[in-house]
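S.K.: I would like the atomic coordinates for the input below:
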Amino acid sequence: MNDSAMRPLRPARNWALILGTLLGVTMMTVWSARGIGFSLTELACNLPGGSRLLVESWPPEFSYFPRLLAPLLETLQIAVVGTVIGGILAVPVAVLAARNLTPGVLVWFLDRNVMNVLRTLPDLFWAMLFAAAVGFGPVAGALALTVFTIAVISKLWSESLEAIDMGVPEAVRAAGGSWLAMLQFGAIPQALPHYVSYALYAFELNVRASMILGLVGAGGIGMVLETQRSTFEYPRVTLIVLSVLVIVLVIEQISEAIRRRLA
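M.R.: Numbers count the residues shown, from 1 in each chain. Coordinates of the predicted model:
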C-alpha cells in the first residue's frame, strides 16, 4: 500500500483567517505605538546615550561585593518567608476556588473574587501599602511577597485541582468520608506535585521581585540598588544585578532538578 495513502489528510489552511489575523495584529500594533509615542527614529537617536551608560557601568566594582552579602542574604530571607507563608495560605484559597471541590457556589464566587483582587494589584502596591502600615524594611517586603505568592499559587493550583481525576474523591465521599477527608485522601495527593512546582516557581519570582520592592523601602538588595543608582554608581549597580542574576540562576537549577524528580 502506498505510504501517501496511509497519511492522514491535513486540513486546508484558512489563508483568509491567517491574513486577517496578521492584518489585525499589525493595525493594533501600529495604533498602540502611535498612542504611546513610540518612534524608531527617536529610539535610534537615543541609542548613543544608552551605549554611554553601558560603558560607564562596566566593569563591575567587584571590591564592593563584601558589602552586598548582608543585603543579598536579607533578600533571600524575605523571599523564603513570603513563599512559605504565602504558599501555606494559598492552599485553602486554591481549594475553595476549584469548581469541583468547593463546598458551594457562593464560596467559589467570593473566593474567586478575592483571587482576582490579589492578582490585579501588583506586588509594588502591596509593598508600598505594608511599608506605610508596618514601616520601611524587610517585614514590609515579606508581607508583600506573601500576598503575591498567594495570588500566584492559588491561581495556578486551583486550575490543577480542577483537572484531577474525580474518581478517587467521589469514592471517598461515597464511603462516608467528610469533605475534608475527600480533600486529604482523594484530591490533594493528585495535585501535590504541581503544588511543589508552583511553590518553587513562586520562590524564583519572589527573589526577582525583591529587587523591585526594595525601591519603595521594602528591604533587601533593592534598597541598595536604588541608593547606588541615585548616586550614579553604575559599576556597583552592574555588580548588584550580576549578583542577583547568579542567585536566580542557581535557584532555577535547583528548582528544575526538584521538578524532574517529581515528574
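S.K.: SS state for residue 101?
M.R.: Recorded secondary structure, residue 101: coil (DSSP: H, G, I helix; E, B strand; the rest coil).
S.K.: tell me where the stretch 151-263 of the chain is predicted with low confidence.
M.R.: The stretch 151-263 of the chain contains residues with pLDDT under 70 at 217-219, 262-263.
S.K.: list the buried residues in the helix or strand hosting residue 193.
M.R.: If you go by DSSP states H and E, residue 193 is part of helix 188-213. For helix 188-213, the buried set under the neighbour-count rule, 16 or more other C-beta atoms under 10 Å, comprises 188, 190-191, 194-207, 209-213. The C-beta positions use only the backbone N, C-alpha and C, and glycine is treated the same way.
S.K.: ok, now stretch 80-89?
M.R.: Using 16+ other C-beta under 10 Å as the test for burial, stretch 80-89 gives 81, 82, 83, 85, 86, 87, 89.
S.K.: now it - C-alpha only, CSV.
M.R.: Only the C-alpha atoms of stretch 80-89 are listed here, as CSV (Å, rounded to 0.1, in the frame of the first residue of the first chain):
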residue,chain,number,x,y,z
VAL,A,80,11.7,32.5,51.9
VAL,A,81,9.3,34.0,54.4
GLY,A,82,7.0,35.3,51.7
THR,A,83,7.0,32.0,49.8
VAL,A,84,6.4,29.7,52.8
ILE,A,85,3.7,31.8,54.4
GLY,A,86,2.1,32.6,51.1
GLY,A,87,2.3,29.0,50.0
ILE,A,88,0.5,27.8,53.1
LEU,A,89,-2.2,30.4,52.9
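S.K.: give me the contact list for that stretch.
M.R.: Stretch 80-89 is contacted from outside by 141-150, 153, 195, 199, 202-203, 206, using C-beta atoms under 8 Å, 6 or more residues apart in numbering.
S.K.: repeat the analysis, applying 7 Å as the threshold.
M.R.: Contact with stretch 80-89 is made by 142, 145, 146, 147, 148, 149, 150, 153, 199, 202, 203, 206, as judged by C-beta atoms under 7 Å, 6 or more residues apart in numbering.
S.K.: what is the mean pLDDT for that stretch?
M.R.: Average pLDDT, stretch 80-89: 90.
S.K.: contacting residues around stretch 158-170?
M.R.: Residues from elsewhere that reach stretch 158-170 (C-beta under 7 Å, 6+ apart): 94-95, 97-101, 182, 186-187, 190-191, 194.
S.K.: what about the helices in the stretch 51-200 of the chain?
M.R.: 69-97, 105-120, 123-134, 138-162, 167-174, 179-182, 188-213 (DSSP state H, counting those that start in this stretch).
S.K.: can I get those in TSV with distance to residue 236?
M.R.: Formatted as TSV, these follow (distance: least, C-beta to C-beta, whole Å):
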stretch	distance to residue 236
helix 69-97	12
helix 105-120	34
helix 123-134	23
helix 138-162	21
helix 167-174	55
helix 179-182	53
helix 188-213	14
